[in-house]
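**Q** task: produce atomic coordinates for the following.
(2 chains)
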Amino acid sequence: MSPLLISLKVACWVTVLILPPGVLLGLLLARGGFRGKSLIETAATLPLVLPPTAVGYLLLRLLGRYGPLGEPSLGFDLDLLFTWKGAVLASGVMALPLVVRTARVAFEEVDPRLEGMARTLGLGRVRTFAEITLPLARRGLLAAAILGFSRALGEFGATVIVAGSIPGRTQTLALAIFNDMQIGHDREAMTLVAVTVALAFAAVFTVEMLLRKRPDVA
Amino acid sequence: MTPWLLVDITLPLDRFTLSVKWETSGPALGIFGPSGAGKTSILESIAGLRRGARGTVRVGGETWLDSARGIVRPPEARGVGYVPQDALLFPHRDVLGNILSGGGRARRSGAPRVDPERVLEVLELGDLRHRDVSGLSGGERQRVALGRALCSGPALLLLDEPLGSLDLPLRRRILPYLLRIQKEFAVPTIYVSHEATEVTLLCREILVLEAGREAARGRPEEVFIDRAIFPMARAGGFENILTGRVVEASRSVATVELEPGTRLTVAAQGQAVGQDVIVAARAEDLILSVHPPTGLSAQNILAGEIREIRQPEGGDGVIGEDGGAGQVVVVVRVGRLGVPLLATVTTQACRQLALAPGGRVHLVCKANSLHVLATR
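**A** Residues are numbered from 1 along each chain as shown, chains lettered A, B, ... in the order given. Next up is the predicted model:
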């Protein structure tokens, strides 16, 4: 498989898998007033500021033969290390903070009084969330998904440690660029860079459009 | 009649603790008071949107709140139609979508069915039904919010200054909709306003709230002549409210009969003969004369008798609190009119004319200073 396809596959899986917990966590942080909130907040931001290699190394130790999630401790093999699934895990962890933060802002911009109004009209909590909160936050949540996707697309440090850089199997765009550069394939590297720039530009541009304040979504 | 509404709540607020208790069997209760008196907090407590509210709320035989017995119904299980000051329309739905938002509850509740089509018609929203709510004017937004509340099958309507964000001419245009709603749908209503005219028009019973406590309660025409309450009403411009029927209409003026023998001439505003109307006369706009006046351009001269003369709070006619400086309120009974008319004059004029209770006076008013609202 080409690096582009591997990257897209990994990024798509990351988006699908981290969106539900990311949105839930964002909602919790936006609406919940509970003890330990700032602790969760900090933990959810950590991957954003840690060196990706540190996160990758931690995951490697966690999943390694003698780690708590290794085959001897679990009794079966998760089979994540040095596979594309490992790349999904690594870049997923790295992308989660962006999703949580963006989703949180999206929910914070929904006026809680609108939710109260929906309740007085007979809608329970769940229906209020589904019919009022979610549709009103949809642009921000879409932006969260795209940001998560783009972050996963560009992840390098954690991925290389957990998934390696196996051409045709785990070598994503970011890894392939590094590889081509090291072996002097400058033209190939440049082509891949151009592809990533195009993808990133499209993604970030879309997010900017989505998050731009529109007067009718006050 | 058995009371349909019992409210007995306390709620700590920033500057004071809200504490009110009343029960009523009347169809519409007005809550009147200056901004920041806690009016909105009462409505939010009844709606179940204030977690800190303690006490009892019973509506139509159902208990919504009874903190002593640990009963706190969530807002969705209460059945209020809440119209806040800023309408709070759902921005992602069109007009019809907003109006139908509470339709599910209306169907489940078994409440007398309110037909959304009828609501659109009464509120004149039919042509706007597929419009985006972001493009609506202030008055249209309030009407949509009213429609949404009505179509949710409410046991109780909570109207929080529904006209508060509108300018005066627009208020005057929306008021008839509220009157129509009262007539047509007959849902018990709590109406909050800092406009004496509005509460007087819409409610036969009002509660005056000041810093979280009841300052007075009763029929509006009785409460508002209270010397402690009148300055508050006056701040919003006190208006006498009279009801009558149009008996004559020409291009320039219309004649309204308030009761047999008592008629008012008002500037024509498109009234038709036979129409029921409400005439509002500002207390400041009424002139008093001790002799029958002649040769005046003013079209209305009503003979009456002074029932009492009230000095606003502050006493001795020196300085009243908010703008009542040197003013007295003269309460005049005219013929067999059900309500007394209030006129404000300066203490100096009161002295010069030697006004006193029991004295005969003539109330003079220009046709142009009477506001007319159609109710049908």
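**Q** going by C-alpha atoms from here, please, whenever you check contacts or count neighbours.
**A** Will do.
**Q** would you mind giving the secondary structure of the residue of chain A found nearest chain B?
**A** In chain A, the residue that lies nearest chain B is residue A:122 (3.9 Å; CA to the nearest CA). When classified by DSSP: H, G, I helix; E, B strand; the rest coil, residue A:122 comes out as coil.
**Q** around it, how many other residues sit close by?
**A** 29 (other CA atoms under 10 Å in any protein chain shown).
**Q** what pLDDT does it get?
**A** At residue A:122, the model reports a pLDDT of 94.
**Q** now do the one 5 residues further on
**A** pLDDT, the model's per-residue confidence, is 95 for residue A:127.
**Q** now the strands for chain A?
**A** In chain A, no segments count as strands under DSSP state E.
**Q** any idea how far residue A:36 is from the spatially closest residue to residue A:121 that is not a sequence neighbour?
**A** Using CA to CA, 6 or more residues apart in numbering or on different chains and skipping residues adjacent in sequence, the residue nearest residue A:121 is residue B:102, 4.7 Å away. Distance of residue B:102 to residue A:36, computed by CA to CA, to the nearest Å: 36 Å.
**Q** how about the residues of chain B near chain A?
**A** B:47-49, B:75-82, B:88-92, B:101-102, B:104-105, B:134, B:149, B:152 (CA under 8 Å from any CA of the partner chain).
**Q** any regions of the stretch 251-376 of chain B where pLDDT drops low?
**A** Applying pLDDT under 70 to the stretch 251-376 of chain B picks out residues B:312-325, B:374-376.
**Q** is it true that residue B:154 touches residue B:186?
**A** No - the pair residue B:154 / residue B:186 is not scored as a contact, 10.8 Å apart, by CA atoms under 8 Å.
**Q** so which of these two has more stuff around it?
**A** Using other CA under 10 Å as the criterion, residue B:154 and residue B:186 rank with residue B:154 on top: 27 against 13.
**Q** which phi and psi does residue B:7 have?
**A** Dihedral angles of residue B:7 (phi, psi; degrees, to the nearest 10) stand at phi -130, psi 130.
**Q** do you know how far it is from chain A?
**A** Separation of residue B:7 from chain A (CA to the nearest CA, to the nearest Å) stands at 18 Å.
**Q** so where is chain A shaky, pLDDT-wise?
**A** A:213-218.
**Q** which ones are touching the residue nearest to the spatial centre of it?
**A** What sits nearest the mean C-alpha location of chain A, by CA atoms, centre = their mean, is residue A:95, with 2.9 Å. Neighbouring residues of residue A:95 by CA atoms under 8 Å, 6 or more residues apart in numbering or on different chains: A:147-149, A:151-152.
**Q** now with 7 Å, please.
**A** Residue A:95 is in contact with A:148, A:151-152, counting by CA atoms under 7 Å, 6 or more residues apart in numbering or on different chains.
**Q** likewise for residue B:283?
**A** Residue B:283 neighbours (CA under 7 Å, 6+ apart): B:238-240, B:342-344.
**Q** now with 10 Å, please.
**A** B:234, B:237-240, B:329-331, B:341-345 (CA atoms under 10 Å, 6 or more residues apart in numbering or on different chains).
**Q** go through those and name the one nearest residue A:186.
**A** The nearest member of those to residue A:186, counting by CA to CA, is residue B:237 at 81.7 Å.
**Q** what pLDDT is listed against the closest one?
**A** pLDDT, residue B:237: 64.
**Q** then the one 3 residues further on?
**A** Model confidence at residue B:240, given as pLDDT, is 87.
**Q** quick one on the thing from earlier: with neighbour count added, can I get the contacts of residue B:283 in a markdown table?
**A** Shown next, in a markdown table, are those (neighbours: other CA atoms under 10 Å in any protein chain shown):
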| residue | neighbour count |
| --- | --- |
| B:234 | 20 |
| B:237 | 16 |
| B:238 | 23 |
| B:239 | 25 |
| B:240 | 22 |
| B:329 | 25 |
| B:330 | 25 |
| B:331 | 22 |
| B:341 | 26 |
| B:342 | 27 |
| B:343 | 23 |
| B:344 | 24 |
| B:345 | 19 |
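**Q** now, which of those lie within strands?
**A** Using DSSP E, the subset of those located in strands is B:239-240, B:329-331, B:341-345.
**Q** nearest to chain A, of the contacts of residue B:283?
**A** Set against chain A, the nearest of the contacts of residue B:283 by CA to the nearest CA is residue B:237 (31.6 Å).
**Q** elements contacting the longest helix seen in chain A?
**A** When chain A is parsed with DSSP state H, its longest helix is helix A:3-31. On a contact count with 3 or more CA pairs under 10 Å, 6 or more residues apart in numbering or on different chains; DSSP states H and E, helix A:3-31 meets helix A:37-49, helix A:84-108, helix A:134-154, helix A:173-182, helix A:186-211.
**Q** pick the most buried one from those helices.
**A** Mean neighbour count (mean count of other CA atoms under 10 Å in any protein chain shown) peaks for helix A:84-108 among these, with a mean of 26.
**Q** what angle separates it from helix A:3-31?
**A** 40 degrees (axes from the mean of the first three to the mean of the last three CA atoms, to 10 degrees).
**Q** quick one, strands of the stretch 51-200 of chain B?
**A** Under the criterion DSSP state E, counting those that start in this stretch, strands of the stretch 51-200 of chain B are mapped to B:54-59, B:62-66, B:71-72, B:80-83, B:156-160, B:189-193.
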